[in-house]
Structure formats: C-alpha cells, structure tokens
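Chemist: Sequence plus predicted model, see below.
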Amino acid sequence: MSKAKTENYWTFLGGKPIFGESTEKAVIREYKEETGINLEIDRLISVTENFFEMDGCQWHEYIFFYLLKDTNDLLKVSEEEHTILDHKDVIYKWFGLDDFMKMDIRPYCAKKIIKDLPKQIIHIVNNEI
C-alpha cells in the first residue's frame, strides 16, 4: 500500500498507462518504477469504476485490480516503510491481511475485493461522492 506522507489513508501502488500500453504492462512497469521490483501478473480480479471527490473536484476513474505474483520472493510484510522511487513524497509498505482490513483504504471497496478475492473478474461501481 502507498500513501502521501501528508495523508492519513492508504491506496494501492499504480499509475496510468502510457498511450498504447495495456493495463497489464502498465501495472508491471509502475511497480518496477515505484519499488524497483519485477512482479508478474497472475490474473485480473476486478474492473472498478470509482467516483470520488478530491480537493474540491469530482473524479471518475477506472481501476483494474490485478492479482500479482512476486516470483523472486522479494516483498515481505514488515514494519518498514519505503519511499516510492519516482515520488519522494510518497511512501509504501507491505501489510498482512489482518492489518489491511483495519486500515483506512481508498477506494473503500478494495477491502471487499481483497478479502473475497473473486475467482472470476467482477465489475464494481463504487460511488464515494
């Protein structure tokens, strides 16, 4: 999970695809840019339409939640916080499921997705406005 050092809530690492880049390639590239670690995609678990408000503006984003594999076993749950490599004002940390379920996570629907870990791709419309 990641968060700006000035925020109280956590969100997922990630970012936007470059024009012409698939979401699969974008998520692998973003994790590499942000953590320095190569991950692999296991499968797509959710496509989420997220409506939210931030800094007085309303937003509609599409989130592709992928189940990722750490084939090199480099990511460990720990107390240690790390700085995002390409955003020095953002930190990331790996959490166990019990701690994750107690945290303030955005979007809010992410807890259900992670807890249930659907076997088929699900579509969620999440309205936080």
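Modeler: Received, thanks. Residues are numbered from 1 along each chain as shown.

Chemist: Let me see the contact set for the closest residue to I84 other than its chain neighbours.
Modeler: In this structure, I84 finds its nearest non-sequential neighbour in V90, 4.1 Å apart by Cβ to Cβ, 6 or more residues apart in numbering. Glycine gets a C-beta too; all of them are placed from N, C-alpha and C. Residues near V90 by Cβ atoms under 8 Å, 6 or more residues apart in numbering: S2, K3, A4, K5, T83, I84.

Chemist: contact partners of stretch 62-70?
Modeler: With Cβ under 8 Å, 6+ apart, stretch 62-70 has contacts from 12, 14, 23-24, 27, 31, 37, 39-50, 107, 110, 113, 117.

Chemist: Filter the contacts of V90 down to the ones in strands?
Modeler: Of the contacts of V90, the ones assigned to strands by DSSP state E are S2, K3, A4, T83.

Chemist: who does the second one bridge with?
Modeler: Right, K3. I91 (DSSP bridges).

Chemist: F51: neighbour count?
Modeler: 14 (other Cβ atoms under 10 Å).

Chemist: Wait, a helix at it?
Modeler: No - using DSSP: H, G, I helix; E, B strand; the rest coil, the assignment for F51 is strand, not a helix.

Chemist: elements contacting the helix or strand of the chain at the bottom of the mean pLDDT ranking?
Modeler: None of the helices or strands of the chain scores lower by mean pLDDT, DSSP states H and E than strand 82-83, at a mean of 82. Here strand 82-83 touches strand 90-92, going by 3 or more Cβ pairs under 8 Å, 6 or more residues apart in numbering; DSSP states H and E.

Chemist: about what we covered before: can you put the contacts of V90 in TSV and add neighbour count and distance to K69?
Modeler: Listed next are the contacts of V90 as TSV, based on neighbours: other Cβ atoms under 10 Å; distance: Cβ to Cβ, whole Å:
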residue	neighbour count	distance to K69
S2	19	19
K3	20	24
A4	14	27
K5	10	29
T83	13	24
I84	17	21
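
Chemist: pLDDT weak spots in this protein?
Modeler: 76-79 (pLDDT under 70).

Chemist: and the longest helix for the protein?
Modeler: helix 23-35 (DSSP state H).

Chemist: Alright, I will stop here.
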